[in-house]
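S.K.: structure of the sequence below:
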Amino acid sequence: MSRWLTEAVPRGRVAAFRTLIYLFVAADLVIFTPWVRTRVSVPGDLYRPLLIGRLLPLPTPTETLVTVIFWALLLLALLAATGRAPRLLGWAVCALYLEWMIIAMSYGKVDHDRFGLLVALAVLPTAGRARHGDTTRTEAGGWALRVTQVAVICTYFLAAFAKLRFGGLDWLTGSVLARAIIRRGTDLADLIAQVPHLLIVAQFGIVAFELLSPVVFFLPPRWRLAMVGFFYSFHAVTIATITISFAPHLAAMTSFLPLERVRPLVWARRLVGRETPASATDVSPADPMDVDTVPPGQAPVGAGAERTLDDQAPVVGRPVGP
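M.R.: A predicted model of the protein is given here:
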């Protein structure tokens with residue numbers, strides 16, 4: 001079990017995941033949860049902190065407190081996305097975002113799509129330093145990604161457990177999706193709702209998919225990626241039909257992906273290189289090393305240099321390239 005939990009991964013994957021998660025935290029503040037700042041206008045008597053807020057204990061939110069958390073968290077998340085001071089900035093972002101979520105969820109509604117993201121923020125500081133494109137492997141980074149993956153799958157499995165615990169078998173045969181479509185459905189959802197018994201079948205399918213989600217850990221790498229792709233497609237359908245977004249959960253689920261292959265800066269550099277005018281790289285006619293004078297089968301000096309600059313050693317079992 002310990003070997004599975006600490007399975008080494010390329011440091012480049014950890015660096016990419018870290019950048020993505022911290023950039024999402026910054027985006028979350030200004031796109032998905034800016035409404036948290038409006039909580040200061042709610043009477044303090046309505047503030048019912050979660051258990052962790054009662055144990056610490058944390059103060060009742062005020063305008064000053066919420067404003068300070070917002071701007072400090074936004075700045076520190078952007079700094080943490082650069083990969084500098086991973087432990088100091090990581091722990092600071094984790095603590096501030098946890099408080100941000102406690103404020104958000106202490107007024108009667110608790111969203112379960114934040115669990116994986118909170119776990120990712122808690123374990124990323126333990127992964128140590130990591131650079132984009134680095135192919136050396138790290139067990140500490142592997143542990144951070146694995147724990148995040150477990151949290152993502154627990155979100156699915158425990159959601160099914162909660163459905164059956166509180167709704168029983170009636171959740172499967174009831175009108176759960178029908179009510180959701182009436183409240184916030186799209187035109188696509190209206191078309192689907194017209195198909196007899198399809199919503200009931202979908203409810204059985206949702207619970208089955210959530211209960212079977214742990215199977216992803218027992219699949220070969222290629223099939224595991226295919227199943228994760230199914231997870232993403234499930235959420236795409238959810239957004240397209242009943243407009244429910246699981247954005248934080250989707251960000252945490254990237255812990256399953258080979259993110260070290262996604263290197264936008266390298267791609268941009270190559271794109272700029274391709275757009276360079278040919279005259280800037282042509283050999284001068286007066287140059288004694290004119291291409292025509294090079295013996296057949298021998299590449300000119302410097303040929304392929306641009307390609308090898310951005311190449312990286314292959315990860316075991318993966319093709320060469322970023």
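
S.K.: so for Thr60, what's the pLDDT?
M.R.: Note on Thr60: pLDDT of 88.

S.K.: ok, the one 5 residues further on next?
M.R.: pLDDT, the model's per-residue confidence, is 92 for Leu65.

S.K.: tell me the SS of it?
M.R.: Under the three-state scheme (DSSP: H, G, I helix; E, B strand; the rest coil), Leu65 adopts helix.

S.K.: ok, now which ones touch it?
M.R.: Pro59 (C-beta atoms under 8 Å, 6 or more residues apart in numbering). (Each C-beta comes from the backbone N, C-alpha and C, glycine too.)

S.K.: what about it, distance to Glu99?
M.R.: Here Leu65 is placed at a distance of 9 Å from Glu99 (C-beta to C-beta, to the nearest Å).

S.K.: now Leu75
M.R.: Counting by C-beta to C-beta, the gap from Leu75 to Glu99 is 15 Å.

S.K.: compare those two and say which is more crowded by neighbours.
M.R.: Comparing Leu75 with Glu99 by other C-beta atoms under 10 Å, the one with more neighbours is Glu99, at 20 against 12.

S.K.: not counting sequence-adjacent ones, nearest residue to the more buried one?
M.R.: Nearest residue to Glu99 in three dimensions, chain neighbours excluded: Ile69, at 6.0 Å (C-beta to C-beta, 6 or more residues apart in numbering).

S.K.: and that neighbour, what is it in contact with?
M.R.: Per C-beta under 8 Å, 6+ apart, neighbours of Ile69: 96, 99-100, 103.

S.K.: let me have those residues in CSV, extended by secondary structure and pLDDT.
M.R.: Formatted as CSV, the contacts of Ile69 follow (DSSP: H, G, I helix; E, B strand; the rest coil; pLDDT from 0 to 100):
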residue, secondary structure, pLDDT
Leu96, helix, 97
Glu99, helix, 95
Trp100, helix, 96
Ile103, helix, 93
